[in-house]
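> I would like the atomic coordinates for the input below:
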Amino acid sequence: MKNDILLNIDNPRQLEKLYRENKTAFRQAFNSIYPELKENTIANFWNERLNYETEDLSWGTRRDIGFVIIASILAGVIAKIPAFFNLNEESFYQRNIGFIFLPLLSLYFAWKNKLNTKSIIFIGVAILASLLYINSLPHQKNSDSILLSCIHLPIFLWCVLGYAFVGGRFSNYERRLGFLRYNGDLAVMTTVILIAGAILTAVTVGLFSLIGLDIKNFYFENVVIFALAASPIVGTYLTESNPQIINKVSPVIAKIFSPLVLVTLIVYLVAIVISGKDLYNDREFLLTFNALLAGVMAIILFSVAGTSGNARNYAETLILFLLSVLTIIVNGIALSAILFRISEWGITPNRIAVLGGNILMLTNLILVTIRLLRVIRRKNDKTEVGAAIALFLPVYAAWAFIVAFFFPLIFNFK
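Numbers count the residues shown, from 1 in each chain. I've put the predicted structure just below:
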């Protein structure tokens, strides 16, 4: 993106095209090279356009607001289906939790990005096929393969959302990174919304209790469930409409949490050694250990994605490098434990799923770590690190697809 901007700095039409293709990447790339373009009139114009700050929130057009309201209501209605049709809530949510808001977000970005008919059909078929497939699986208790399918299907739907977000151009690495940044921003915005909602809920229930009315059950079963279902949709709308707000928050959170996670992980590994915990024979501990690994991996990916377009910062890069190295060590321990369990007790759906996920994360981490090392040695910038992350997103999508759709069949629903 930086090279494209520099080559077309005197071509307003092409600059506008680049901006519309990926606004976030364009803004980050432009800001990183603006100091060397200050003498250029067009560059000065773009600097004001991209960095003009206002204290007012942007609420978008009436069509935008209308879409968000309708989508939020639909999400709430989908979440209430078990109550409407007297279905088993545990079974319904286990299989359909991803369908509450992810397809609606895919529709939102398909609409905003003006996707062509072919791309819209692909998204529609992927969502419909997923819905029919997961709900056609037999209702067998203690089926690991079906449970894995339920866990990985939302990941696949998240990848479909990514396809809509990038406008059907999944080969564009910068747009893939933009999708990761969007997820980090959405997590922050949705958390803020939920905190505000929790405060409002406590105040509302408390006020009504003062006049002798107990509305707790009604409020939670109707208002709260609608609000929870709608929060990612509203969060997406606010994030996309007001990038000037959230773009300042996410990098700060990444800077704060990366060193804290590094210290926590070091202490945790020391505690494992002292406590004498056995990853090789303690199944529950191994699962928790892998969940921790996935969480740390996500922090690394979002941190790099959120800063990949920025100027080099040695301290931040060093922390991410150390965190990546430590996570590789943790991943190696987990991988050896999984291989040990497979050699001792044979193949199961859980072991193969965890093994595959660990191998993918380890490979991705090694690529990221190598490129972070190059940044530290001043041989390239963080753009190359971002490319290593973006390269692997389709691989994660493919693995989620395999586990969600083929594991129940391969393992005969066991």
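
> CA only for contacts and neighbour counts going forward, please
Noted.

> you'd agree residue 279 is up against residue 285?
Yes. With contact taken as Cα atoms under 8 Å, residue 279 and residue 285 are classed as touching, separated by 6.4 Å.

> Please say which of the two ends up with more neighbours.
residue 279 (21 against 14; other Cα atoms under 10 Å).

> And that one, how far from residue 183?
Between residue 279 and residue 183 the computed distance is 32 Å (Cα to Cα, to the nearest Å).

> Next: residue 355.
Between residue 355 and residue 183 the distance, using Cα to Cα, works out to 25 Å.

> Who has more neighbours out of the two?
In terms of neighbours (other Cα under 10 Å), residue 355 is the more surrounded of residue 355 and residue 183; the figures are 19 against 15.

> roughly how far apart are that one and residue 296?
Relative to residue 296, and taking Cα to Cα, residue 355 is found at 17 Å.

> would you list every one of the helices in the stretch 251-400 of the chain?
Taking DSSP state H, counting those that start in this stretch, the helices of the stretch 251-400 of the chain run over residues 283-307, 314-345, 349-376, 382-410.

> What is the first one packed up against?
Right, the one you point to is helix 283-307. helix 173-210, helix 243-275, helix 314-345, helix 349-376, helix 382-410 (3 or more Cα pairs under 8 Å, 6 or more residues apart in numbering; DSSP states H and E).

> is it possible to export the ones you listed to a markdown table including mean pLDDT?
What follows is those, written out as a markdown table (pLDDT from 0 to 100):
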| stretch | mean pLDDT |
| --- | --- |
| helix 173-210 | 88 |
| helix 243-275 | 77 |
| helix 314-345 | 86 |
| helix 349-376 | 88 |
| helix 382-410 | 86 |
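
> between those, which one is nearest to residue 87?
Taking Cα to Cα as the criterion, helix 382-410 is the member of the helices and strands packed on helix 283-307 that comes nearest to residue 87, at 22.9 Å.

> got the angle between that closest one and helix 314-345?
With axes from the mean of the first three to the mean of the last three Cα atoms, to 10 degrees as the criterion, the two stretches helix 382-410 and helix 314-345 enclose an angle of 20 degrees.

> just checking, what packs against helix 382-410?
helix 144-165, helix 173-210, helix 283-307, helix 349-376.

> what's the most buried one of those?
Highest mean neighbour count of the helices and strands packed on helix 382-410: helix 144-165, a mean of 23 (counted as mean count of other Cα atoms under 10 Å).

> related to what we said a few turns ago, will you turn the helices of the stretch 251-400 of the chain into a markdown table that also has distance to residue 79?
Compiled in a markdown table, those are given as follows (distance: least, Cα to Cα, whole Å):
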| stretch | distance to residue 79 |
| --- | --- |
| helix 283-307 | 26 |
| helix 314-345 | 36 |
| helix 349-376 | 28 |
| helix 382-410 | 22 |
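
> do you know which of those lies nearest residue 111?
From the helices of the stretch 251-400 of the chain, taking Cα to Cα, the stretch that ends up closest is helix 382-410, at 22.5 Å.

> buried ones in the closest one?
382-394, 396-397, 399-408 (16 or more other Cα atoms under 10 Å).

> Let me know the angle separating it from helix 283-307.
Relative orientation of helix 382-410 versus helix 283-307 (the same axes, to 10 degrees): 140 degrees.

> What helix or strand is residue 114 located in?
Assigned by DSSP states H and E, residue 114 belongs to no helix or strand.

> Let me see the contact set for it.
Applying Cα atoms under 8 Å, 6 or more residues apart in numbering, one finds that residue 114 lies in contact with residue 167.

> before we move on, back to that, can I get the helices and strands packed on helix 382-410 in JSON lines with distance to residue 334?
Converted to JSON lines, these look like this (distance: least, Cα to Cα, whole Å):
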{"stretch": "helix 144-165", "distance to residue 334": "19"}
{"stretch": "helix 173-210", "distance to residue 334": "25"}
{"stretch": "helix 283-307", "distance to residue 334": "7"}
{"stretch": "helix 349-376", "distance to residue 334": "8"}
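
> Can you say which of those is nearest to residue 17?
With respect to residue 17, and counting by Cα to Cα, the nearest of these is helix 173-210 at 14.2 Å.

> just checking, what packs against the closest one?
Counting contacts by 3+ Cα pairs under 8 Å, 6+ apart, helix 173-210 is packed against helix 23-33, helix 144-165, helix 225-241, helix 243-275, helix 283-307, helix 382-410.

> Pipe the ones you listed into a markdown table and attach distance to residue 320 per row.
What follows is the helices and strands packed on helix 173-210, written out as a markdown table (distance: least, Cα to Cα, whole Å):
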| stretch | distance to residue 320 |
| --- | --- |
| helix 23-33 | 20 |
| helix 144-165 | 25 |
| helix 225-241 | 26 |
| helix 243-275 | 7 |
| helix 283-307 | 7 |
| helix 382-410 | 11 |
